[in-house]
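>>> sequence and predicted model, in that order:
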Amino acid sequence: MATNGNGNGNISECLVHLCNEGSIESIRYFECRRTLMEMLYDRGYNVSESDLTLTLFDFRSKFGEFPKTETLGVCVSHRSNPSNKIQVVFAGTDDIRKRTLTEIYSQIVDKERLSRLILVVQSKMTAYARKEFENCPYKVEIINLNDLVVNVTKHVLQPKYEVLTADEKQQLLQKYKVEAKQLPHMLKTDAIASYFGLEKGQVVKISHSGEMFNSMVTYRCVV
């Protein structure tokens with residue numbers, strides 16, 4: 001083990017050795033899948049406790065050191081509406097084109113009751129493939145694998161986010177006698193909007209707390 005000038009071991013090297021007794025690839029897929037499970041839970045879907053608390057050791061035992069992407073997907077229903085189902089499909093490392101669409105579609109469990117598909121990609125997608133997904137009878141959400149390595153909502157400096165229901169949104173607008181377009185905006189491409197799968201017109205309640213201020217609540221409308 002390498003040492004630094006004061007005789008202590010190279011801490012970075014030690015940490016890498018301790019957490020990476022297996023493959024880097026398995027760590028990457030583990031972190032991304034964990035973020036996905038947390039994201040689905042935060043969106044209101046029925047994610048199992050075992051998926052939320054899965055350790056790296058258990059992940060490797062279940063999926064192996066070099067996980068096959070087709071085994072990482074999941075299909076879950078919404079807690080408040082079981083008929084509302086979402087499917088997650090992990091695409092491989094090849095570019096997504098016409099010939100790879102069949103493989104992706106084959107991983108969808110319940111096409112008839114599917115309301116949304118999350119496709120986790122690692123490579124480029126052809127214009128033909130994008131057009132195909134736009135024509136699907138369900139909403140297709142495309143997320144890059146690298147964007148899932150870290151859960152953006154878990155950062156210590158992030159405020160608390162709550163997505164308002166349609167009724168809660170209406171009550172808010174009536175309370176302050178404003179229209180949705182008059183609220184501060186959040187872009188649909190914002191990392192938080194992407195995390196919650198927000199559509200244009202939805203409103204997010206943002207609660208700030210910390211040493212700099214006791215409590216502050218703001219609202220943003222997705223545009």
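Thanks, I have it.
>>> how is Tyr29 assigned, secondary-structure-wise?
Secondary structure for Tyr29, judged by DSSP: H, G, I helix; E, B strand; the rest coil, is helix.
>>> per-residue pLDDT, the residue nearest to it when sequence neighbours are not counted?
Spatial nearest neighbour of Tyr29, chain neighbours left out: Pro67 (4.9 Å); criterion: Cβ to Cβ, 6 or more residues apart in numbering. Just so you know, the C-beta spots here come from the backbone N, C-alpha and C atoms, and that holds for glycine as well. The predicted local distance difference test score for Pro67 is 96.
>>> now the one 5 residues further on
Looking at Leu72, its pLDDT stands at 97.
>>> next one: it from Leu36, what distance?
9 Å (Cβ to Cβ, to the nearest Å).
>>> for this structure, what spans make up the helices?
According to DSSP state H, the chain carries its helices in the segments 11-19, 24-42, 49-52, 56-63, 98-105, 127-134, 166-176, 191-196.
>>> pretty sure the residue nearest to Tyr29 is touching Cys32, no?
No - using Cβ atoms under 8 Å as the test, Pro67 is too far from Cys32 to be in contact (10.3 Å).
>>> between the two, which one's more packed in?
Shown here are Pro67 and Cys32; by other Cβ atoms under 10 Å, Cys32 has more neighbours (23 against 20).
>>> returning to that earlier point: need the contact list for the residue nearest to Tyr29.
Contacts for Pro67 (Cβ atoms under 8 Å, 6 or more residues apart in numbering) come out as 25-26, 29.
>>> hang on, the earlier thing: to Val217, which of the helices of the chain lies closest?
helix 166-176 (10.6 Å; Cβ to Cβ).
>>> list the contacts of that closest one.
164, 179-180, 202-203, 219.
>>> swap the cut-off to 7 Å and go again
Contacts to helix 166-176, defined as Cβ atoms under 7 Å, 6 or more residues apart in numbering, come from residues 164, 179-180, 203, 219.
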